[in-house]
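> The following comprises the amino acid sequence and a computationally predicted model.
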Amino acid sequence: MKLFTQYNRITLSVLVGFFLVCSLIYYFLMRGLLIQESDKSLIKIEKNIRNFVAVHNSLPVVEPLDDLRISCVKIASPTTGAPAEERSFLLIPPTPGKNRDNIRQMTFFLQLDHDWYGVTISRTLEGMKATALMVLKTAVVTLLIIAIAFMIVSQLLFRRLWQPFYDSIGVISRFKLGKNTLEAFPETSIQEFRFMNEQFIRMAAQISKEYGVLKQFTENASHEMQTPLAVIRSKLDLAIQDEALSASQSATLKSAYGSVKKLTSLNRALLLMARISNNQYGGRVVFNIKDKLQDKINQFTALWQDKLSLSRELHDAEIDINPDLADILLNNLFSNACKHNVPDGTVNVCLADSRLQIENTGRPVPLDESRMFQRFYKASKHEESNGLGLAILKEICDQSGITPSYSFRGNIHTFTLEWNRPARNLS
Amino acid sequence: MKLLIVEDQKELSNSIISYLSTGKFFCEPAYDYHSALEKIHVYEYSCIILDLTLPYGNGLDILEQIKKDGNPTGVVIISAKNSIEDKVLGLNIGADDFLTKPFHLSELEARVTSVIRRRSFEGKNRICLDNMVLDILNKTLNGPLGKIDLTRMEYLLMEYFISNKDRVVTKEAIGEHLCGDDMELADNYDFIYTHLKNLRRKLKNAGCPGEIKTVYGVGYKFSSRKTNSR
């Protein structure tokens, strides 16, 4: 839910409640006022009747008017001592079939020639229904007008007030770690947004710094490791020159060689990845990747001879990429397709416009697509694999605007690279 | 032939010196920028093995100095930085070759030998070894019984073995020499064996005095029968 909607929802419901309460209070106030007025006039009539009785010494004969009825009933002597001043009021609500409106009734007692009479004056309160209706109408109309006005104003105001927020979000969303720096936030006079922007800037700077340190560390660590590795390897190279090596010594040296080799390739891969993400492979060139692929296939054939069979379908395809990265990319794809193959398996290469697909037979288990591009992901316990090949592939693809995808069907693993055809034509 | 090893890591420098000193080379170490420059000015070397990160200076500056002086020595850079820019920069200034650490000593010897050969025997495209002549231009081998045609891989193998005569070279080193970075493509070194088998057969058929021996579990060793007859 948008903040605006939420805000409107709350404000409008509060508004409706507020109006309901106000209308009720208003209604009761009006009602009280009406009753008070009516009571005043009833007391006036009482005075008139008392005067009449005092002067004429007889009960007045009153024509029953529509909204005023007076009835005198002779009663036994009143129970209480001095009923002269006693009067009681009664409000009769509308009763179907008898009276349509509220009726205000006043009863008082009157003494005439030692006889007591109870006089009841009833008066219709016509205004009350009208008042209730009017209050309701006023409330609804006012509510409607205020609500509409409120919506329009808040819509306009919201847009304007929150503009700096949306600007800041835009700046943040365009920020990519390791790719570009944070753009300047647009100036705002709102203190909260200024504070938010400051925090964003501080955070981005901190993240970038940490990321830089991490990358630097990987690169430096890999660099620093190369010299000791060179020393170890050179010592091994010297050691095997010894004519008097025993078989067990040879085996020891061989396994040491193997580990140095693994460490070296791991180190190179890490360094390569650090370099790629550091944008050290800049110069992109538009070229036809078909020739490069053809070369790679030839090398592949030379290395694998007849252990795997390869089929190809190559068409011209232009790509915009650093040529060195293209080499590494193809090497990775091919070495994956070969190393994780089965004996007498097949590799199928298909190059079409802006699309390269390499299929290979392999283990009947698909790779874990959510983790396959992570560093040190190993699907199989392959001796020579350092688990970085696909991570490097992903890094190169990200750098060069290529979308890699993977699919698995019936023991066939397929890697597909897709890219946008470069704008410049090859000529 | 005199070599200068400019490398600040004494351990690595010692290894290089003891590996290369056994044969045709006489090696001298320099452990920092200033001693390297001093030695280059005073003595003449057939080839200089140059590390780029040195105490008190950069190897590339030494290289520039060498080229400015018109010194005809060959330079092989060995560097821990294998970034393309460094490589391109080094080769542009005038280095003859570039090797990334960690390297195989046999590879270093092959590169140094090749650099010296290119520099000192310009125009000469034959390597003679006992009764064998390796024709660099035509990629052929001439033995006592006649000419042997070699495939590209076999020629590269032969050249590598001749550069590393009487040394044990590992399968890994051979693989990397033959394929370079494409070695990643292969998951084992079986392909070397096929080429090696063919090469051995061709050598034998041509009556060459050399023999490629398998050193069990480690690698291979090429030696002339004459020098290594037991």
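Good, I have the coordinates. Residues are numbered from 1 along each chain as shown, chains lettered A, B, ... in the order given.
> Just say helix, strand or coil for the spatially closest residue to A:Val349 that is not a sequence neighbour.
Leaving aside its sequence neighbours, A:Val349 sits nearest to A:Arg312 (C-beta to C-beta, 6 or more residues apart in numbering or on different chains; 4.6 Å). The C-beta positions use only the backbone N, C-alpha and C, and glycine is treated the same way. Using DSSP: H, G, I helix; E, B strand; the rest coil, the structure places A:Arg312 in strand.
> For A:Arg312, report the pLDDT, please.
Per-residue confidence (pLDDT) for A:Arg312: 88.
> Might one say that it is in contact with A:Thr346?
No - using C-beta atoms under 8 Å, A:Arg312 makes no contact with A:Thr346, being 11.2 Å away.
> Those two: which has the busier surroundings?
Taking neighbours as other C-beta atoms under 10 Å in any protein chain shown, A:Arg312 and A:Thr346 compare with A:Thr346 leading, 15 against 12.
> My guess is the more buried one contacts A:Lys307. True?
No - the criterion here is C-beta under 8 Å, and A:Thr346 misses it with A:Lys307 at 11.1 Å.
> give me the number of residues near residue 213?
Picked chain A for this. A:Val213 has 10 nearby residues by other C-beta under 10 Å.
> other chain: chain B
With other C-beta under 10 Å as criterion, B:Lys213 counts 13.
> what's the spatially most central residue of chain B in contact with, if anything?
Closest to where the C-alpha atoms of chain B average out (C-alpha atoms, centre = their mean) is B:Ala110, at 1.4 Å. Contacts for B:Ala110 (C-beta atoms under 8 Å, 6 or more residues apart in numbering or on different chains) come out as B:Glu159, B:Tyr160, B:Ser163, B:Asn164, B:His177.
> Need the pLDDT of it.
At B:Ala110, pLDDT is 90.
> Mind telling me what element it is part of?
helix B:105-120 (DSSP states H and E).
> Centre of the chain to that helix, how far?
4 Å (C-alpha atoms, centre = their mean, to the nearest Å).
> same question, stretch A:412-427
With C-alpha atoms, centre = their mean, you get 34 Å for stretch A:412-427.
> got it, and stretch A:411-418?
On the basis of C-alpha atoms, centre = their mean, stretch A:411-418 sits 34 Å off its chain's mean C-alpha point.
> CA-only coordinates of it, as CSV, when you get a sec.
What follows is stretch A:411-418 as a C-alpha-only set of coordinates in CSV (Å, rounded to 0.1, in the frame of the first residue of the first chain):
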residue,chain,number,x,y,z
ASN,A,411,21.7,-35.8,-19.1
ILE,A,412,22.4,-32.8,-21.4
HIS,A,413,23.7,-29.7,-19.7
THR,A,414,23.2,-26.6,-21.8
PHE,A,415,24.8,-23.2,-21.3
THR,A,416,23.4,-20.4,-23.3
LEU,A,417,24.9,-16.9,-23.7
GLU,A,418,22.8,-14.2,-25.1
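> Mind jotting down where the helices sit in chain B?
Using DSSP state H, the helices of chain B run over B:10-21, B:33-42, B:59-68, B:84-93, B:105-120, B:152-163, B:171-179, B:190-205.
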